[in-house]
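Q: quick check, what structure comes out for this input:
(4 chains)
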There are 2 protein chains.
Amino acid sequence: MGTVTKALELLNIVANSHAPLGLTALANKAQYDKATTRRMLLELLANGFVEQDSESRNYGLGPALQSLGKLRESRFPLVKTVQPFVRALAKQTEEMVHATEYGNGILYSISVEESTKANRISLELGQKLPLHATASGIAFLAASTDSFIEAALKKPLVSFTPQTSIDRKNLMKSIVETSARGYSISNQTFDEGVHSVAAAYFSANGKPLGTIAIAMPTLRATPKMIAANGKLVSRAVADISASLGFNKLHLRSAS
Amino acid sequence: MGTVTKALELLNIVANSHAPLGLTALANKAQYDKATTRRMLLELLANGFVEQDSESRNYGLGPALQSLGKLRESRFPLVKTVQPFVRALAKQTEEMVHATEYGNGILYSISVEESTKANRISLELGQKLPLHATASGIAFLAASTDSFIEAALKKPLVSFTPQTSIDRKNLMKSIVETSARGYSISNQTFDEGVHSVAAAYFSANGKPLGTIAIAMPTLRATPKMIAANGKLVSRAVADISASLGFNKLHLRSAS
DNA sequence: TGTTGTTGTTTCATTATTTGAACCACTGGT
DNA sequence: ACCAGTGGTTCAAATAATGAAACAACAACA
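A: Prediction:
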């Protein structure tokens, strides 16, 4: 594994820690030597990718990420495009609605609107959602090529709840059903007590970019609800894909 | 220089290129070998920090930055804190108001409210504003340490309009005047026909974080207007700094 | 006050990675 | 067919990363 990747994984560890961590804690989590960890943190620090609290000496995400993120967003305004649909769906359903974007083998939540109800599902922005264990992930796979699915299912699959399926055949079945249905359904496969439906949206060149999902407590997930929400996410992703320039007739490759 | 820093600088080069560049172009810009550049890009690619267009094979900023940026923002909600002040100022002045955040030697626009007037100034989110040629930049420098100013003025200074001052002594004079006045004034130093006033806001530990600026067409920039807007930005940054101090204390208690 | 257990920090011989010149394969233009 | 661009690959040599161990600074506690 290259040094750069190691450093970036360290950065991911910093990102995935809810509270800022110190040197030794990070070294332990990353399984790197203390000295190595420190040198990497110093380099990340010098470039503004992490930040160090001057008193606690703990490390957190740095300001460079904010500016680079803004820059990326300004070049590819996905959030801006998707957010209105997420808000509209949230208002309509009164449930938690979120959008994800695919990147690096996983889905990232890029827009979240929580429900106003007392019993509601929460999700952090930037949260990582594994492909095999979430409604969003299955919806994304169902929109992907066979070779992509194969590659994704070849990786080791982690179980998050007793309901998480890590059986390849079962997952393929879910994917096929999702393709036929137009949206995915997942019951407590990632978080206990959370029921979700999701569908994928596409970029102009026809590749799936991410998903829209509606999540609610299992208590409220009646068959009628599920079907209604499924139709809603299906329509939302069709509209989003359209506004991203995706046209189903656009199958010929250019030039 | 460590390998990690080299890779991150390469990432910065990708970020600073307005259009996605190919391998050799990036290698030239970075002054690295082609093979080196490629390996770094592959590692950045594998981690989602850059993205490769499958047709042109050019590299652009990757989706991981968007999610990490969101994550950083959720932990350190600068935009959320600053935005209300920007909106309030925009409503009050009916001119374009924007906030910037410092990062990596430059200011980035992180919140923009445009004027409702027909003749108005526009600014994109994520736009980069050089320190020496903008009201925001001069305001930021005026709030910085002497050694920081010295380092910033040591770099090569680019001219954007005939009014851009690239003379160090002149710039120092502007900085000193800004310190005394409490806000900076810049007349068409970055964009022709744009007049701006700006002031810097501070984090809890007393370091300048970014600026608030009001920009208007030079036509409307009467001395009275300038003075009034200057007072407004001064008051706004004082309020923002105060509310950032609170946030910082809040974060510390959490860890 | 001394002891113990934490931190973060530095060192340096060992080790493994990075480096880059040269080379290959491909594409589009002439 | 040729040339001038790409991106991509190779492998010995150069260099940077590694990690065990020692060190320092601090806090908790008897």
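Q: which bits of the stretch 1-150 of chain A sit near DNA strand C?
A: A:1-4, A:22-25, A:34-35, A:38, A:57-58 (CB under 7 Å from any atom of the strand). To be clear about C-beta, it is placed using only N, CA and C from the backbone, and glycine gets the same treatment.
Q: repeat that with 10 Å
A: Within reach of DNA strand C by CB under 10 Å from any atom of the strand, the stretch 1-150 of chain A has these residues: A:1-7, A:20-28, A:33-39, A:41-42, A:45, A:52, A:56-59.
Q: near chain B, which of those residues show up?
A: When contact is defined as CB under 8 Å from any CB of the partner chain, those meet chain B at A:2-5, A:7, A:20, A:39, A:56, A:58.
Q: could you export those residues as a markdown table, including pLDDT?
A: Shown next, in a markdown table, are these (pLDDT from 0 to 100):
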| residue | pLDDT |
| --- | --- |
| A:Gly2 | 88 |
| A:Thr3 | 93 |
| A:Val4 | 94 |
| A:Thr5 | 95 |
| A:Ala7 | 95 |
| A:Pro20 | 90 |
| A:Arg39 | 94 |
| A:Ser56 | 84 |
| A:Asn58 | 92 |
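Q: which one (most neighbours) among these?
A: A:Ala7 (30 neighbours; other CB atoms under 10 Å in any protein chain shown).
Q: in strands, which of the residues of the stretch 1-150 of chain A next to DNA strand C fall?
A: A:52, A:59 (DSSP state E).
Q: of the residues of the stretch 1-150 of chain A next to DNA strand C, buried ones?
A: Neighbour counting with 16 or more other CB atoms under 10 Å in any protein chain shown marks A:3-7, A:20-21, A:23, A:25-27, A:37, A:39, A:41, A:52, A:58-59 as buried within those.
Q: can you count the residues close to the residue of the stretch 101-250 of chain A found nearest DNA strand C?
A: Using CB to the nearest atom of the strand, the single residue of the stretch 101-250 of chain A nearest to DNA strand C is A:Asn205, 17.2 Å away. By other CB under 10 Å, the residues close to A:Asn205 number 15.
Q: looking at the buried ones among the residues of the stretch 1-150 of chain A next to DNA strand C, which are in helices?
A: Per DSSP state H, helices hold the following members of those: A:3-7, A:23, A:25-27, A:37, A:39, A:41.
Q: can you put the ones next to chain B among the residues of the stretch 1-150 of chain A next to DNA strand C in CSV and add distance to DNA strand D?
A: Formatted as CSV, those follow (distance: CB to the nearest atom of the strand, whole Å):
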residue, distance to DNA strand D
A:Gly2, 9
A:Thr3, 4
A:Val4, 9
A:Thr5, 10
A:Ala7, 8
A:Pro20, 17
A:Arg39, 6
A:Ser56, 11
A:Asn58, 14
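Q: got those as a markdown table, with distance to B:Ile212 columns?
A: Shown next, in a markdown table, are these (distance: CB to CB, whole Å):
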| residue | distance to B:Ile212 |
| --- | --- |
| A:Gly2 | 41 |
| A:Thr3 | 40 |
| A:Val4 | 37 |
| A:Thr5 | 39 |
| A:Ala7 | 34 |
| A:Pro20 | 27 |
| A:Arg39 | 37 |
| A:Ser56 | 29 |
| A:Asn58 | 29 |
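Q: can you tell me which of those lies nearest to A:Thr222?
A: Nearest to A:Thr222 among these is A:Pro20, at 42.2 Å by CB to CB.
Q: stretch A:75-88: which residues count as buried?
A: Buried, per 16+ other CB under 10 Å, within stretch A:75-88: A:76, A:78-79, A:81-83, A:85-86.
Q: next, count neighbours for the residue nearest to A:Lys155 when sequence neighbours are not counted.
A: Take A:Lys155 and drop its neighbours on the chain: the residue closest to it by CB to CB, 6 or more residues apart in numbering or on different chains is A:Gly105, 7.4 Å away. Neighbour count of A:Gly105, defined by other CB under 10 Å: 14.
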